[in-house]
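**Student:** Compute the structure for the input listed below.
(one chain, ligands or ions: 4)
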Amino acid sequence: MSRIPVMEIFGPTIQGEGMVIGQRTMFVRTAGCDYSCSWCDSAFTWDGSGKDLIKQMNPEEIWAQLQNVGGKGFSHVTISGGNPALLKNLAGLVQLLKEKNIKICLETQGSKWQDWMLLIDELTISPKPPSSGMVTNFDILDTIINDKLLSSDFIGNLSLKVVIFDDADFVYAKEIHSRYPEVPFFIQVGNDDTKTVDNQALVSHLLQKYEALIDKVMEDDELLDVKVLPQLHALVWGNKRGV
Ligand SMILES: C[S@@+](CC[C@H](N)C(=O)[O-])C[C@H]1O[C@@H](n2cnc3c(N)ncnc32)[C@H](O)[C@@H]1O
Ligand SMILES: Nc1nc2[nH]cc(C(=O)O)c2c(=O)[nH]1
Ligand code: SF4
Ligand SMILES: [Mg+2]
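**Tutor:** Numbering: from 1, shown residues only. Ligands and ions are numbered 1, 2, ... in the order given. Predicted coordinates:
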C-alpha cells in the first residue's frame, strides 16, 4: 500500500481561509513543496525544520488518525501542505474519504495537476504573487484551470485565492482575476510576521492590514466581483500551529 508523507493531522477546527471560511473541518497537512515562498506560514513542511514530524502513512492509517484526533464529529477534511498536488498517491486517501461520505477541501498553488483533484469538493487554487519570490507558470495554470477543471466533468466548487503583501501583488491579483473571470475570486491579507507569539499585537496589525486591503479594493473600479478576507485562524489563534 502506498504511503503518504504526513506532517500533521489536526482538528476539528474552522477553515480559516477562502471560499468555505468558517467551515468545521479536520486538516491533513502533507510534507514537501515545489515552491519556497518567502513568507510561507507553513515552511516547516518543506524547509527541513519539521522533518522529524513526517510520518509515512497509508490511507487507512490517516483515516484512523483522523478519527482518533477528531472523534466521530467531523464530516469535512481539508488537505493542505506543503503542496499536496505533488503526491500522485493521495488518490487512495481521497477515494477512502469519499467512501466515508466526507467532503474534501484541497489547498494548492496551481503548479501541479493530479487526476484525483477531480474528486475534490472544494478546490482552492492559490497562485503566488511577486512578493513570494515565486514565478507563476501560466501554461500550467491555464491547463489546470481551463482544460482540467472548467472544461471537464469536475463537479466540485473551484476558487482562486491570492495573498496580498504589496502593490505589485495587488496588480498580480487583478491579472489572475481577469485571466479567469468565471472563477470565484478571493484576496487574502498576507501575514508578514509568522513568528511572533504576541497575539494581541499580531491581531491588531493584521486587522489594520485587512482594513487597508478593503480600502484598496473599494478604490479600484476594476476589481468588482471579489471577496476580501483575513486569515480568520490567525485572528483567533495567532501563529499557533495545528489550529
Ligand atoms: C501553507 S499554503 C499550503 C497549500 C499550497 N502550498 C498553497 O500555497 O496554496 C495554504 C495557504 O496559506 C497561504 N499562506 C501561506 N503563508 C501565508 C502568509 N504568511 N500569510 C497569508 N497567507 C499565507 C497560502 O497562500 C495558501 O493559500
Ligand atoms: N484553521 C485553519 N485554516 C486554514 N486554512 C488553510 C490553512 C492552511 O494552512 O492551508 C489553514 C490552517 O492551517 N488552519
Ligand atoms: S506554495 Fe504554499 S506551502 Fe509552498 S511555500 Fe508557498 S505558501 Fe508555502
Ligand atoms: Mg495555514
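**Student:** Show me what counts as buried in stretch 118-131.
**Tutor:** 118-129, 131 (16 or more other C-beta atoms under 10 Å). No exception for glycine: its C-beta is placed from N, CA and C like everyone else's.
**Student:** Just the closest of those residues to ligand 1, please.
**Tutor:** Ser126 (3.4 Å; C-beta to the nearest ligand atom).
**Student:** isn't the closest one right up against Ser132?
**Tutor:** No - with contact defined as C-beta atoms under 8 Å, Ser126 does not count as touching Ser132 (10.1 Å).
**Student:** what touches both of those two?
**Tutor:** Shared contacts of Ser126 and Ser132 (C-beta atoms under 8 Å, 6 or more residues apart in numbering): Val163.
**Student:** just the residues of the chain that are near ligand 1, which are they?
**Tutor:** 33, 39-42, 80-83, 107-109, 126, 161, 163, 188, 190-191, 194, 231 (C-beta under 6 Å from any ligand atom).
**Student:** Show the buried residues in these.
**Tutor:** The neighbour-count test (16+ other C-beta under 10 Å) marks 33, 39-42, 80-83, 107-109, 126, 161, 163, 188, 190-191, 231 as buried among the residues of the chain next to ligand 1.
**Student:** Now do the contacts for Trp116.
**Tutor:** Contacts of Trp116 by C-beta under 8 Å, 6+ apart are Leu90, Ala91, Val94, Gln95.
**Student:** Can I get the helix or strand hosting Leu206 in CSV? Just the C-alpha atoms.
**Tutor:** Using DSSP states H and E, Leu206 sits within helix 199-218. Only the C-alpha atoms of helix 199-218 are listed here, as CSV (Å, rounded to 0.1, in the frame of the first residue of the first chain):
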residue,chain,number,x,y,z
ASN,A,199,-1.1,37.6,19.6
GLN,A,200,-2.6,40.9,20.6
ALA,A,201,0.0,42.9,18.6
LEU,A,202,-0.4,40.5,15.7
VAL,A,203,-4.2,40.7,15.6
SER,A,204,-4.3,44.5,15.7
HIS,A,205,-1.6,44.6,13.0
LEU,A,206,-3.5,42.1,10.8
LEU,A,207,-6.8,43.9,11.2
GLN,A,208,-5.1,47.2,10.2
LYS,A,209,-3.8,45.4,7.1
TYR,A,210,-7.2,44.0,6.4
GLU,A,211,-8.8,47.4,6.6
ALA,A,212,-6.1,48.8,4.3
LEU,A,213,-6.8,46.0,1.8
ILE,A,214,-10.5,46.6,1.9
ASP,A,215,-9.9,50.3,1.2
LYS,A,216,-7.6,49.5,-1.7
VAL,A,217,-10.2,47.2,-3.3
MET,A,218,-13.0,49.8,-2.8
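**Student:** in the protein, which residue is closest to the centre?
**Tutor:** Glu107 (3.1 Å; C-alpha atoms, centre = their mean).
**Student:** what about Val69, which SS state?
**Tutor:** Val69 falls in the helix class when you classify it by DSSP: H, G, I helix; E, B strand; the rest coil.
**Student:** got any ranges where this protein has weak pLDDT?
**Tutor:** For the chain, residues meeting the criterion pLDDT under 70 lie at 1.
**Student:** Output the set of residues of it in proximity to ligand 3.
**Tutor:** Close to ligand 3, as judged by C-beta under 6 Å from any ligand atom, the chain has residues Cys33, Tyr35, Ser36, Cys37, Cys40, Ser42, Thr45, Gly81, Gly82, Asn83, Gln109, Lys128.
**Student:** just checking, the second one touches Lys112?
**Tutor:** Read it as Tyr35. No - with contacts counted by C-beta under 8 Å, Tyr35 stays clear of Lys112, the gap being 10.2 Å.
**Student:** between those two, what contacts are shared?
**Tutor:** With C-beta under 8 Å, 6+ apart as the test, Tyr35 and Lys112 both reach Asn83.
**Student:** burial measure for Leu223, as a count.
**Tutor:** 18 (other C-beta atoms under 10 Å).
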